[in-house]
Structures are given as structure tokens and as C-alpha cells.
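>>> Mind folding the following:
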Amino acid sequence: MKRAEQRDADEAATFRLLTADQDIAARLIAQHDGRIANTAGDSILAEFPSTVDALKCSLDIQERIGALNENVSEERRIHFRIGLHVGEVVVSGGDMFGDAVNVAARMQTLAAPGTVCLSDAAHQIVSRHVSIAFEELGPQQVKNLGPIRAYLARPSVEGVTAAIPSVHRAVEAYLARRFYQLCAGALRTITEPEGIEPSSLGPLGALNDLPEADERHLAKRLGLPLKDCIRLLRRLQAKGLIERRKHERRAVLAITDEGRRLFFTLHPRSIAALDRVLAALSESERETLRFLLARVIQANETAVYEEPGWDIGRRVGEAVARARDAPEL
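Numbers count the residues shown, from 1 in each chain. Here you go, the predicted structure:
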């Protein structure tokens, strides 16, 4: 599998999009019992125990990436070519070598962007088990191996992802809920294995930057109601990630060595996870999103802090519960 085309000058956004595409491919390869032997630049070399599984995985990859491209501007879309062959390989250090790898690489160069090209050997096997219309490309020259007949397979034109319901596109509450679920889900995959919540990264990062701070200072820095911040800090203290100290006759909090280690381990992973969520956006679109979100947050937090008797934690919790429990339309 190899990227076929990339015309975007926005290198940072393109890299995020490429990473998201490669993550899609890696997940699908694992789901189809494949093994990635090598990744070099924008390419992936993988092996499968079944040629049929290899083809199904390849078409799934092209469908998923095609669905992602539908939400990306034309000039930023990335397309991949995939080549398939069946044969003996030499495995060394986990990597694969041999004529079979060379044939698969040649098939990849013959594939049109967004398609899968199969050698005659692979086609003979899969054509007996799948009902796919193959396009014959005829004999193709392979260096040192002579001509090999090649066939092209295209993914389903129907795609694999359902469109967002029109009512969701028109109602901010539905979009906000679904966006929250995407971001929270991405962060949970990073934090749950460590036994902490996604919200724990905020205070760990704040205390990593500050030598010492009290609860009120941290609550203001994190944009949290004081009582919610105290509950979160107590959970982190119970796990030994932060500790309470005495400083000039007052109690302050500081990050522990274990807390600092965990933060430096998880922080880049969390940034990468959120980058994948936002991979469909260009750099300028991401900047616009940040600007608009900051405006909404600032306006609402200013309003709630100025209203007497407003219980921030309770009201926000009720709003989230209402959005979560709203019926799907």
C-alpha cells in the first residue's frame, strides 16, 4: 500500500491526514488478521494468512479513506494505491523480502489511485470466492521476472459511513454532543489504560508548569468550578500523581515524579489522538475552530460567573445529561 497523490502545501495538516489514513489501514489490517511487516514513509508492507482476507482488507481500506476524503477539500485529499500478490517470502527481523514482495510492489505502481491491483496468482484464488468485477490490465512487465497478468479491483461506490442526519447538521446541540463524544473517546483510549480520566491531564500539565499551586489557582487556570477541581485533585493525590506540601504557612499542591512521568508519556499521545480527530481540517480551518470555540467558552463562562447563585457544576452537568439523553433523530 502506498500513497498515490498529495497536492496540499499545508505540510502539518497533510501529515495529520496521512497519519489518520495510516491508522485506518493499521486497524483494518489487524481486524483481518494481517501483520504489518514494514512502514517506510507513506507506504505499508503487510502479510495475510488468506488472500481473500487481504483483498477484503484492501477494499475496506480504500472505502474508509474514500469516506474520509469526502469531508476533505479536493486539494487536500490523499489517495492510496494497493498491490496484492501471493507467494513465498523471506522474513528477517520481522521484515519481508523476496520476489513476491517485488511483484506486490509492482502491482501497487499499476493500481489507479483509490484501487487495488492484483497479480494473476492472487486473482486466480480470490475470483473463486468473491463476487467482484475485476478489470483486466493484461500482461505487465516485472523486473527480472518477466510479464505477469494484472487485474484491478475497485471499492464499493456506496461507501461505508452513513451521512450525518440533516437534523444533526442543523442543530448545534447534536453536533456539540457528537463532537464531544469523538474527542472524549479519543482521549479515553489514552488515559483509561493508566486508570485515570481524560480530565486528569489538565491538572497534571498545570502542575508540571507551576512549581506549586493551591486549589483556587488551579481551578481558575483549568476553567473548572472549585468543588469539581478539588474532587479531581483528590483522585490524583490518591493515585500518588500529585502531593500536598506546606509553603509559607499555606497548603499547596505539586506534581510527583510519577505524575510527571505519566504526563510526559500521555501528553504527546493525547495530542496525536486529537490530531486524528481533526485530520479532515486544514490548518486555517483548525485555527477558525479554535477561535470560535474560545469565543463560545469565554462568553458562557463569563455569563455563568456573573450570575448570582449559579451552580456551574450542577448546571453544566444537567445540560450534558439533557444532550446525552436526547433522542436520536
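>>> per-domain residue ranges of this protein.
Domain assignment for the chain by automatic domain parsing gives 2-153, 166-325.
>>> looking at those domains, which is buried most?
Mean neighbours per residue, mean count of other Cβ atoms under 10 Å, is largest over the domains of the chain for domain 2-153, with a mean of 17. For every residue, glycine as well, the C-beta is placed using N, CA and C.
>>> what about the stretch 101-250 of the chain, any weak spots by pLDDT?
Within the stretch 101-250 of the chain, the segments meeting pLDDT under 70 span 157-167, 169.
>>> Apply 80 and report the result again.
Along the stretch 101-250 of the chain, segments meeting pLDDT under 80 span 142-146, 156-170, 211, 247-250.
>>> can you map out the strands along the stretch 51-200 of the chain?
Listed in chain order, the strands of the stretch 51-200 of the chain (DSSP state E, counting those that start in this stretch) span residues 79-84, 90-92, 95-97, 116-119, 135-142, 146-153.
>>> With distance to V126 as extra columns, can I get those strands in TSV?
As requested, these are arranged in TSV below (distance: least, Cβ to Cβ, whole Å):
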stretch	distance to V126
strand 79-84	8
strand 90-92	23
strand 95-97	20
strand 116-119	7
strand 135-142	14
strand 146-153	8
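>>> The stretch 201-329 of the chain: helices as residue ranges?
201-209, 215-222, 226-238, 257-277, 283-306, 312-325 (DSSP state H, counting those that start in this stretch).
>>> so who does the residue sitting nearest the centre point of the chain touch?
The structure's the chain has its C-alpha centroid closest to R276; by Cα atoms, centre = their mean the separation is 3.5 Å. Taking Cβ atoms under 8 Å, 6 or more residues apart in numbering as the criterion, R276 is in contact with 16, 19-20, 23, 186.
>>> Let me see the contact set for the residue lying closest to E88 once chain neighbours are set aside.
Excluding its sequence neighbours, the residue lying closest to E88 (Cβ to Cβ, 6 or more residues apart in numbering) is A100, at 5.9 Å. With contact taken as Cβ under 8 Å, 6+ apart, A100 is in contact with 85-89.
>>> TSV for those residues, including distance to A272?
Converted to TSV, the contacts of A100 look like this (distance: Cβ to Cβ, whole Å):
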residue	distance to A272
H85	33
V86	35
G87	36
E88	37
V89	31
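>>> can you put these in a markdown table and add pLDDT and distance to R64?
Output for the contacts of A100, formatted as a markdown table (pLDDT from 0 to 100; distance: Cβ to Cβ, whole Å):
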| residue | pLDDT | distance to R64 |
| --- | --- | --- |
| H85 | 93 | 23 |
| V86 | 92 | 24 |
| G87 | 88 | 27 |
| E88 | 83 | 30 |
| V89 | 84 | 26 |
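>>> Return the member of these nearest to P139.
H85 (14.8 Å; Cβ to Cβ).
>>> you'd agree that closest one is up against S119?
Yes - the criterion here is Cβ atoms under 8 Å, and H85 meets it with S119 at 4.2 Å.
>>> Which neighbours do the two have in common?
Joint contacts of H85 and S119 (Cβ under 8 Å, 6+ apart) are 103-104, 107.
>>> returning to that earlier point: might you specify the subset of the contacts of R276 located within helices?
16, 19-20, 23, 186 (DSSP state H).
>>> Dihedrals phi and psi, T14?
Per-residue torsions, T14: phi -70, psi -40 (degrees, to the nearest 10).
>>> for H85, same thing?
Dihedral angles for H85 - degrees, to the nearest 10 - are phi -150, psi 150.
>>> and the gap between I82 and T115?
7 Å (Cβ to Cβ, to the nearest Å).
>>> could you dump the helices of the stretch 201-329 of the chain to TSV with distance to R249?
Compiled in TSV, those are given as follows (distance: least, Cβ to Cβ, whole Å):
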stretch	distance to R249
helix 201-209	20
helix 215-222	16
helix 226-238	20
helix 257-277	25
helix 283-306	29
helix 312-325	30
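>>> of these, which approaches G41 most closely?
Using Cβ to Cβ, the nearest of the helices of the stretch 201-329 of the chain to G41 is helix 257-277, at 18.1 Å.
>>> next one: phi and psi at the residue of the chain positioned farthest from its centre?
Taking Cα atoms, centre = their mean, the residue of the chain most remote from its mean C-alpha position is R249, at 46.6 Å. When read as degrees, to the nearest 10, the backbone of R249 gives phi 70, psi 20.
>>> Check V89 too.
When quoted as degrees, to the nearest 10, the phi and psi of V89 stand at phi -130, psi 160.
>>> hey, C-alpha coordinates of stretch 260-268 in PDB?
Taking C-alpha atoms only, stretch 260-268 is exported to PDB below (Å, rounded to 0.1, in the frame of the first residue of the first chain):
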ATOM      1  CA  ARG A 260       5.400  14.000  35.700                       C
ATOM      2  CA  ARG A 261       6.500  10.700  34.100                       C
ATOM      3  CA  LEU A 262       2.900   9.800  33.300                       C
ATOM      4  CA  PHE A 263       2.100  13.300  31.900                       C
ATOM      5  CA  PHE A 264       5.100  13.300  29.600                       C
ATOM      6  CA  THR A 265       4.100   9.800  28.400                       C
ATOM      7  CA  LEU A 266       0.400  10.600  27.800                       C
ATOM      8  CA  HIS A 267       0.600  14.200  26.600                       C
ATOM      9  CA  PRO A 268       2.000  13.600  23.100                       C
END
